[in-house]
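Enquirer: A predicted structure for the sequence below; I have some questions about it.
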Amino acid sequence: MGKGRLEAFSDGVLAIIITIMVLEMKVPHGVEIAALKPLFPVLLSYLLSFIYIGIYWNNHHHMLHAAKRVSGAVMWANLHLLFWLSLIPFVTGWMGENNFASVPTALYGVVLFLSAIAYWILQSVIVREHGGDTILAQTSKLKIRISPVLYVAAIVCAFYVEWLAGALYALVALMWLVPDRRIERALGEH
């Protein structure tokens, strides 16, 4: 079957996730710049999560452009990914409202970890459907392998050094900011 509906549905869900995150932010009471100071953790958690959703949207877009078709298994794997991503507004709000406290920061990492696993499953299902000679099968596996390890390290760090957990989440985001350029080159050749 064609992939257009899957792309449109996924884009819509990701847009709703971003909308929910921004609507959860509360307007400060006061008109001075100082009124924003207590909101700094909320704004910081929102920024990190906005970047994560953007990264998933961008990489998801590249992954689906590399696929020629989707099957029922791909649709279910995609829905599995969207489920974990849909929890990001909740853990973002909880973490930001509680100044990056240990438990909310660790749960944020758990959701990111499970989102990464779901992304890997989706990519694996697409590769299986298309065979080993596809563009996706030949992309770098380093980022997809190291991300879960860094998430687990961040989850543990959240209970000892919260800022280090946040730094590890930001490091993983930086790793994924640029999608695999081989996909763009290969699609450009076709």
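Expert: All right, it came through fine.

Enquirer: quick one, what contacts Ser45?
Expert: Thr92, Gly93, Met95, Gly96, Phe100, Tyr108 (Cβ atoms under 8 Å, 6 or more residues apart in numbering). Yep, even glycine has a C-beta here, placed from its N, CA and C like the rest.

Enquirer: and these, which of them are buried?
Expert: Neighbour-count burial within the contacts of Ser45 applies to Thr92, Gly93, Met95, Gly96, Phe100, Tyr108; the criterion is 16 or more other Cβ atoms under 10 Å.

Enquirer: okay, the second one: pLDDT?
Expert: For Gly93, the pLDDT comes out at 95.

Enquirer: residues contacting Tyr56?
Expert: Leu14, Leu81, Leu85, Ser115, Tyr119.

Enquirer: please enumerate the helices of the protein.
Expert: 4-23, 40-66, 72-86, 88-97, 102-130, 142-157, 162-176, 181-189 (DSSP state H).

Enquirer: can you put those helices in JSON lines and add distance to Ala34?
Expert: Converted to JSON lines, these look like this (distance: least, Cβ to Cβ, whole Å):
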{"stretch": "helix 4-23", "distance to Ala34": "22"}
{"stretch": "helix 40-66", "distance to Ala34": "11"}
{"stretch": "helix 72-86", "distance to Ala34": "35"}
{"stretch": "helix 88-97", "distance to Ala34": "19"}
{"stretch": "helix 102-130", "distance to Ala34": "25"}
{"stretch": "helix 142-157", "distance to Ala34": "31"}
{"stretch": "helix 162-176", "distance to Ala34": "23"}
{"stretch": "helix 181-189", "distance to Ala34": "44"}
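
Enquirer: ok so, going back, out of the contacts of Ser45, which comes closest to Lys37?
Expert: Ranked by distance to Lys37 (Cβ to Cβ), the contacts of Ser45 are led by Gly96 at 13.6 Å.

Enquirer: show the pLDDT at the closest one.
Expert: pLDDT for Gly96: 93.

Enquirer: my read: it touches Leu47, true?
Expert: No. Counting by Cβ atoms under 8 Å, Leu47 is not a contact partner of Gly96; they are 9.8 Å apart.

Enquirer: list the contacts of Gly96.
Expert: Pro41, Val42, Leu43, Leu44, Ser45, Tyr46.

Enquirer: from His61, how far out is the closest residue to it other than its chain neighbours?
Expert: Closest residue to Gly96 apart from its sequence neighbours, by Cβ to Cβ, 6 or more residues apart in numbering: Ser45 at 3.4 Å. According to Cβ to Cβ, to the nearest Å, Ser45 and His61 sit 25 Å apart.
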